[in-house]
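A.B. asks: Give me the fold of what follows.
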Amino acid sequence: MNKWFLHHIITLAILLCASNITLGQSDTLGFWESSPVFNKNRLNKALIFSTVAYTSFSTGLYITWYKQYPTEGFHTFNDMAEWKQVDKVGHIYTAYLQGVLCYKGAQWVGLSEGQSIATGIICGSLFQTTIEVMDGFSAQWGFSIGDFAANALGIGAFALQQKYWGEQRILLKESSWARSYSTNPINSLSGEATSSFDTRANNLFGAGFFEKYLKDYNAQTYWASFNLHSFLPKSNTFPKWLNIAVGYGAQGLWGGFENKWNEGDQRYELDIPRYRQWYLSLDADLTKIDTDNYFLKTILSVLNIIKIPAPAVEINTKGQIKFHLLHF
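C.D. replies: All right, here's what the predicted structure looks like:
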């Protein structure tokens, strides 16, 4: 289990917990309704939740991950060339999501629009920067300027849209599907042992479905999903929920920087291309679906962080153009 896996778990937990908080009908407002005025009762609940979430997040991450490795003085680490930057796009996505969640929490409390945006920026940045600072004191890694910049881009993507459009017209989403890999033998450089893509995937990404879903960079695609209705004149009849999505992913990633690794005392090297992929596909903004059922609205809001499966066109750096009947 790596810290990126833990990071995703914690983010999803925050999302689900935030949704459950708004489901409590402690006042006359609907389950998912924001308060039109400042609500002290809701503020107290939000402060308690935020404190518990941040403390659990920081303590859990340290105990589960960083405590296993030696520490040293604060230092930086250049990982910009890792994973064809799929991990950096993942940071943008996660920071954006956390900014949106914190903004919604502030709206639920009844803070003003400006205060809510500021809350999204501050709280989202706090969660992300905590990880980077822990990295900075870890002998195994270091403070990543690339990760920090990606986090800032994600927070900025949320804040600028909310500030100038008053809504999120361009949603950042993720899609991934755990893959099965070949068990055909791969010879070590010495010829004295064999491995396989399946063995390497299990060692690198994890053996379980959920762990592979979150860790396998070959299976991940990150999307910018554009809501066309919101960009057209107000009188337009274009479906409010229909989006066009542009995606980014990569393939052939069997190590952070290159396809070389050790298993015990044996060395393996793969001569296969590591390449980038760009996609164009359809998507849906599930929060634009009209319903008066507040429980359903909550479910749709949670599911809206994932791009729906749909046909897609892929262009990659191998010079290929591919059509996928259903890409996820």
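
A.B. asks: Tell me which helix or strand S281 sits in.
C.D. replies: strand 275-284 (DSSP states H and E).

A.B. asks: and that strand, which residues are buried?
C.D. replies: 275-277, 279, 281, 283-284 (16 or more other Cβ atoms under 10 Å). Using the backbone N, CA and C atoms, a C-beta is placed for each residue, glycine as well.

A.B. asks: strands paired with it, and their directions?
C.D. replies: If you go by DSSP bridges, strand 275-284 pairs up with strand 242-251 (antiparallel), strand 310-316 (antiparallel).

A.B. asks: I'd like these as a markdown table, with mean pLDDT and distance to V89 appended.
C.D. replies: Listed next are the strands paired with strand 275-284 as a markdown table, based on pLDDT from 0 to 100; distance: least, Cβ to Cβ, whole Å:
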| stretch | mean pLDDT | distance to V89 |
| --- | --- | --- |
| strand 242-251 | 98 | 6 |
| strand 310-316 | 98 | 16 |
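
A.B. asks: Nearest to H327 among these would be which one?
C.D. replies: Using Cβ to Cβ as the measure, strand 310-316 is the one of these that comes nearest H327, at 3.7 Å.

A.B. asks: circling back: what's the closest of the buried residues of strand 275-284 to I122?
C.D. replies: Nearest to I122 among these, with distances taken as Cβ to Cβ, is D283, at 29.5 Å.

A.B. asks: was I right about that closest one contacting I306?
C.D. replies: No: counting by Cβ atoms under 8 Å, I306 is not a contact partner of D283; they are 9.9 Å apart.

A.B. asks: Mutual contacts of those two, please.
C.D. replies: Any residue near both D283 and I306 by Cβ atoms under 8 Å, 6 or more residues apart in numbering counts here, and that gives K173.

A.B. asks: and stretch 225-239, what's its mean pLDDT?
C.D. replies: Averaged across stretch 225-239, the pLDDT comes to 95.

A.B. asks: returning to that earlier point: which of the strands paired with strand 275-284 is buried the deepest?
C.D. replies: strand 242-251 (a mean of 20; mean count of other Cβ atoms under 10 Å).

A.B. asks: what's the offset of the helix or strand following that strand from the middle of its chain?
C.D. replies: Counting by DSSP H and E, the next helix or strand C-terminal to strand 242-251 is strand 260-263. With Cα atoms, centre = their mean, to the nearest Å as the basis, strand 260-263 stands 28 Å off its chain's centre.

A.B. asks: can I get the CA coordinates of strand 260-263 in CSV?
C.D. replies: Output in CSV follows, covering the C-alpha atoms of strand 260-263 (Å, rounded to 0.1, in the frame of the first residue of the first chain):
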residue,chain,number,x,y,z
LYS,A,260,13.5,-1.5,-14.7
TRP,A,261,13.2,-3.2,-11.3
ASN,A,262,14.6,-5.8,-8.9
GLU,A,263,12.9,-8.9,-7.5
